[in-house]
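Visitor: Here you go, sequence then predicted model.
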Amino acid sequence: MSKNIPLYPLKFDTIFKEKIWGGTKIKELLKKDFSPLKNCGETWEISGVKNNMTPVAEGGLKGWTLPELIEEYKEELVGSKVYEQFGNEFPLLVKFIDAADDLSIQVHPDDKLAKSRHNSLGKSEMWYILQVDRNSKLISGFSRNTSKKEYVEYLKSGKLTELLNIESVESGDCFYLPAGRVHTIGKGLLLAEIQQSSDVTYRIYDFDRVNDEGNKRELHTEEALEALDFKAHSEYKTRYKQSINEVVPLVKSQYFQTNLLDFTTGIIREHYDNDSFVIYTCLEGEAEISAQGHSTKICIGNAVLVPQKFPEVHIHSKSGFKMLETFMP
């Protein structure tokens, strides 16, 4: 491996994951072939998670993984602040999720708990809803303040959902879910997910489902107790102004920031003030992403990582596009 290979905007090979709740929208709507799997619940588009690393898909760095890239290019790839904090660990994970059935009710630990239990980052995440079947819903947080004792009573009596905040959903909705927030993605939802680079999930309730062998999936009742935030919040859905040909902020957290770009032609994005890589996740349409003479095409279902060394990004499109733009704060 050598730095003689210049950096460029990077696309990665998708990892497809079959799930007990997965469906076929990844193929039908995102045009991504997941055969020979029976279904696809998740695609991992940009991942440095151990045993789930996405390799570079094209160009001189084809086959390289994120830890290898960071080790070689360091702050040129991720930015000096990010490199100082995370070393060779890439801090974010980009997914598409297709729920043909309800996911389990679950929670993720924060950085402190995940570090002590799993030597992992915590998992705060955001969802951008792409497509919704009729009457689809999701769960985010508690509907009222509760206590650990009351929560356990409701869980044991099979009435947990009576404590939870159930949201009706439309395409274009956005939710930010900090670590500790109880949640589930409901049946009939296709979404993009940006999250901390972690695969730690505590399953609280799985609707008594069984797999092909007739076995129920493992629950993490005790682990979840210490991770849960039992406070209710006044609003769980992210409020934002839907606007064409304008950069619209969606999420601004300590873990990542995400904007929505819904453009009819193109835009030049300047990130001179951001000491960070930038990820573009395409939700609709197609475009060409160029940086200092290097370019790559992006279309629905793709994600592209632009290294920090390219602070000026040109996005060209004849037909228009909708993308999430994500970087480190």
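Guide: Looks like it arrived, so ask away.
Visitor: List phi and psi for Pro67.
Guide: With angles defined as degrees, to the nearest 10, Pro67 sits at phi -60, psi -40.
Visitor: Contacts only, for it.
Guide: Contacts for Pro67 (CB atoms under 8 Å, 6 or more residues apart in numbering) come out as Gly48, Met53, Asn88, Glu89, Phe90. (C-beta placed from N, C-alpha, C; glycine too.)
Visitor: What about the first one, how many residues nearby?
Guide: Just to be clear, that refers to Gly48. Number of residues near Gly48 (other CB atoms under 10 Å) recorded here: 21.
Visitor: For Met328, which non-adjacent residue is spatially closest?
Guide: In this structure, Met328 finds its nearest non-sequential neighbour in Ser276, 3.9 Å apart by CB to CB, 6 or more residues apart in numbering.
Visitor: And that neighbour, its phi and psi?
Guide: Main-chain torsions, Ser276, degrees, to the nearest 10: phi -160, psi 150.
Visitor: Any stretches of the chain with poor pLDDT?
Guide: 1-3 (pLDDT under 70).
Visitor: Which parts of it are helices?
Guide: 25-28, 66-73, 75-78, 80-86, 111-118, 148-156, 221-227 (DSSP state H).
Visitor: The second one: how far from the chain's middle?
Guide: When you say that, I think you mean helix 66-73. Centroid separation for helix 66-73 versus its chain: 21 Å, with CA atoms, centre = their mean, to the nearest Å.
Visitor: about what we covered before: tell me which of the helices of the chain lies nearest to Trp127.
Guide: Across the helices of the chain, Trp127 has its closest neighbour in helix 25-28 (14.8 Å, CB to CB).
Visitor: And for that closest one, what's in contact with it?
Guide: Phe16, Lys32, Asp33, Phe34, Cys40, Thr43, Phe96, Asp98, Ala100, Gln131, Leu190, Gly301.
Visitor: let's go with 7 Å and repeat that
Guide: Lys32, Asp33, Phe34, Cys40, Thr43, Phe96, Asp98, Gln131, Leu190 (CB atoms under 7 Å, 6 or more residues apart in numbering).
Visitor: Quick one: mark the members of those residues that sit in strands.
Guide: Applying DSSP state E to those, the entries found in strands are Thr43, Phe96, Asp98, Gln131, Leu190.
Visitor: number of nearby residues for Asn135?
Guide: Asn135 - counted by other CB under 10 Å - has 10 other residues nearby.
Visitor: For His233, give me its contacts.
Guide: Contacts for His233 (CB under 7 Å, 6+ apart) come out as Gly141.
Visitor: Which one of the contacts of Pro67 sits in the busiest neighbourhood?
Guide: Of all these, Phe90 has the most neighbours under the rule other CB under 10 Å, reaching 24 neighbours.
Visitor: Quick check: it vs Leu77, distance?
Guide: 9 Å (CB to CB, to the nearest Å).
Visitor: Now for the nearest residue to Gln131 once chain neighbours are set aside: which residues touch it?
Guide: Among residues not flanking Gln131 along the chain, Leu190 sits closest, at 4.2 Å (CB to CB, 6+ apart). Leu190 makes contact with Lys25, Leu29, Asp98, Leu130, Gln131, according to CB under 7 Å, 6+ apart.
Visitor: surely the fourth one meets Glu193?
Guide: So that's Leu130. No - in terms of CB atoms under 7 Å, Leu130 does not count as a neighbour of Glu193; the distance is 10.5 Å.
Visitor: Just say which of the helices of the chain is most tucked in.
Guide: helix 75-78 (a mean of 22; mean count of other CB atoms under 10 Å).
Visitor: Contacts for stretch 32-49 next, please.
Guide: For stretch 32-49, the surrounding residues in contact (CB under 7 Å, 6+ apart) are 12, 14-19, 21-24, 26-27, 52-54, 65-67, 89-90, 93-98, 100, 197, 199, 279, 301, 303, 305.
Visitor: could I have that stretch exported to PDB, CA atoms only?
Guide: C-alpha atoms of stretch 32-49 as PDB (Å, rounded to 0.1, in the frame of the first residue of the first chain):
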ATOM      1  CA  LYS A  32     -29.800  -3.000  -5.700                       C
ATOM      2  CA  ASP A  33     -29.600  -6.700  -6.400                       C
ATOM      3  CA  PHE A  34     -29.200  -8.700  -3.100                       C
ATOM      4  CA  SER A  35     -29.400 -12.200  -4.600                       C
ATOM      5  CA  PRO A  36     -29.000 -15.000  -3.500                       C
ATOM      6  CA  LEU A  37     -30.500 -13.800  -0.300                       C
ATOM      7  CA  LYS A  38     -34.200 -14.400   0.200                       C
ATOM      8  CA  ASN A  39     -34.800 -10.800   1.500                       C
ATOM      9  CA  CYS A  40     -32.700  -7.800   2.500                       C
ATOM     10  CA  GLY A  41     -33.400  -6.000   5.700                       C
ATOM     11  CA  GLU A  42     -30.200  -3.800   5.700                       C
ATOM     12  CA  THR A  43     -27.600  -2.700   3.300                       C
ATOM     13  CA  TRP A  44     -24.300  -1.400   4.800                       C
ATOM     14  CA  GLU A  45     -23.000   1.200   2.400                       C
ATOM     15  CA  ILE A  46     -20.000   2.700   4.300                       C
ATOM     16  CA  SER A  47     -18.700   0.600   7.200                       C
ATOM     17  CA  GLY A  48     -15.500   0.200   9.200                       C
ATOM     18  CA  VAL A  49     -17.200  -2.200  11.700                       C
END
